[in-house]
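In: Return atomic coordinates for the entry below.
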Amino acid sequence: MTALVDDHQDLRDAIRALFADFPDDYFLKIDEARAYPDAFVEALSKAGWLAGLIPEEYGGSGLGLAEASVIMEEINRNGGNSGACHGQMYNMSTVLRHGSDEQKARYLPKIASGDLRLQSMAVTEPTTGTDTTRIRTTAVKKGDRYVVNGQKVWISRVQHSDLMILLARTTPLSEVTKKSDGMSIFIVDLHEAVGTGLSVRPIANMVNHETNELFFDALEIPEENLIGEEGRGFKYILDGLNAERTLIAAECLGDGYWFIDRARRYAGEREVFGRAIGVNQGVQFPIAEAYIELEAANLMRWEACRRFDARMPCGAQANMAKHLAAKASWEAANVCLQTHGGFGFATEYHVERKFRETRLYQVAPISTNLIFAYVAEHVLGLPKSY
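Out: Predicted coordinates:
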């Protein structure tokens with residue numbers, strides 16, 4: 001199967017070579033055990049793939065978003081799930097863009113080497129969802145520390161991370177001119193925090209994805225763990241969203257190409273009524289259509305990457321890439337499952353696992369409706385709808 005040509009074949013080949021030690025059955029066993037792919041993430045870290053966006057001066061590769069997106073795509077395209085580790089790729093951007101020189105020197109080299117995992121970002125809350133400006137978690141300055149109280153939900157990879165980015169309100173909503181003001185960003189040392197003001201409650205879910213509810217009860221954070229200026233945390237969070245959404249788009253594309261390849265192969269091998277089922281237009285046309293949709297989404301991914309790496313505005317392109325890729329991967333998943341018939345539900349074919357994994361991105365990390373709202377307001381000039 002051929003796709004539109006890009007300039008990253010050497011990078012793709014290097015990542016694919018790593019999968020010689022991590023075949024489909026590795027991920028099947030991890031999924032069945034509801035375990036974390038420690039060995040796989042460790043191999044990615046040692047090879048430097050998760051440090052792609054960290055500048056060379058801090059021990060990273062200094063790659064652009066285009067190359068980073070290829071890394072995420074290839075993980076999913078080869079049967080893995082980037083959801084186990086993609087936070088290590090993009091969460092550090094908050095420190096890189098807004099941290100002090102001391103914070104960068106302290107954290108980035110160890111994140112680049114994999115000695116420190118910064119895989120978690122705590123923003124979402126049970127009562128606010130995507131209405132982030134109304135978060136209720138507070139951080140009150142007392143002497144040389146901030147005291148945090150509140151609750152977060154759907155916070156991923158906390159149990160497999162050393163550090164966490166936390167968004168909390170430092171000025172009450174009633175006291176700010178703009179509702180997006182008065183929130184701040186902190187680095188939380190999870191080894192120190194858990195059990196001394198932070199409680200973690202895992203959330204069982206349909207995907208083997210480690211996600212949690214967090215409870216803060218007078219957690220103390222040193223003032224030197226504040227990132228950037230107090231009260232500007234919401235802006236800092238927004239700065240990293242374009243990269244996140246573009247990388248998620250690439251992961252969805254990887255899933256989609258995986259589904260197309262498995263459907264194509266099965267359709268060519270499975271014989272019913274004395275011939276391969278792929279001979280039938282009713283089988284091959286849906287596969288072809290799903291492939292077309294993936295290639296179209298891929299173009300938007302590259303445009304988002306091009307604009308990001310050129311430091312051009314790319315909010316619209318990043319959002320559209322995420323939407324198109326998530327939609328295309330889900331359609332490819334349905335086509336793949338349908339092509340396999342009953343065998344698609346058997347775990348040994350791996351389709352049902354990937355089917356569950358790719359469904360997540362219709363909802364996270366931003367819902368389809370919020371993307372529509374963004375495009376309607378910021379691209380089409382329509383009135384704000386929420």
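In: which stretch of helix or strand covers residue 359?
Out: helix 351-359 (DSSP states H and E).
In: How about residue 73?
Out: Here residue 73 is assigned to helix 65-77, by DSSP H and E.
In: Which neighbouring elements make contact with that helix?
Out: Applying 3 or more C-beta pairs under 8 Å, 6 or more residues apart in numbering; DSSP states H and E, one finds that helix 65-77 makes contact with helix 9-18, helix 86-90, helix 241-269, helix 281-309. Backbone N, C-alpha and C define where each C-beta goes, glycine included.
In: Give me the buried stretch members for the helix or strand that the first one is followed by, please.
Out: It refers to helix 9-18. Downstream of helix 9-18, the first helix or strand assigned by DSSP H and E is helix 24-32. Residues of helix 24-32 classed as buried: 24, 26-28, 30-31 (neighbour count, 16 or more other C-beta atoms under 10 Å).
In: tell me the angle of helix 24-32 relative to helix 351-359?
Out: Interaxial angle, helix 24-32 versus helix 351-359 (axes from the mean of the first three to the mean of the last three C-alpha atoms, to 10 degrees): 70 degrees.
In: helices and strands around helix 24-32, which ones?
Out: Using 3+ C-beta pairs under 8 Å, 6+ apart, helix 24-32 sits against helix 38-47, helix 351-359.
In: about what we covered before: can I get the buried residues of helix 24-32 in JSON lines including distance to residue 57?
Out: JSON lines is the format used below for these (distance: C-beta to C-beta, whole Å):
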{"residue": "24", "distance to residue 57": "38"}
{"residue": "26", "distance to residue 57": "35"}
{"residue": "27", "distance to residue 57": "35"}
{"residue": "28", "distance to residue 57": "40"}
{"residue": "30", "distance to residue 57": "35"}
{"residue": "31", "distance to residue 57": "38"}
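In: From the residues you listed, pick the one nearest residue 204.
Out: Nearest to residue 204 out of those is residue 31 (C-beta to C-beta; 13.9 Å).
In: could you measure the closest one against residue 79, distance?
Out: Distance from residue 31 to residue 79, counting by C-beta to C-beta, to the nearest Å: 11 Å.
In: try residue 310
Out: Counting by C-beta to C-beta, the gap from residue 310 to residue 79 is 33 Å.
In: Please say which of these two ends up with more neighbours.
Out: Taking other C-beta atoms under 10 Å, residue 310 and residue 79 do not tie; residue 79 has more neighbours (21 against 9).
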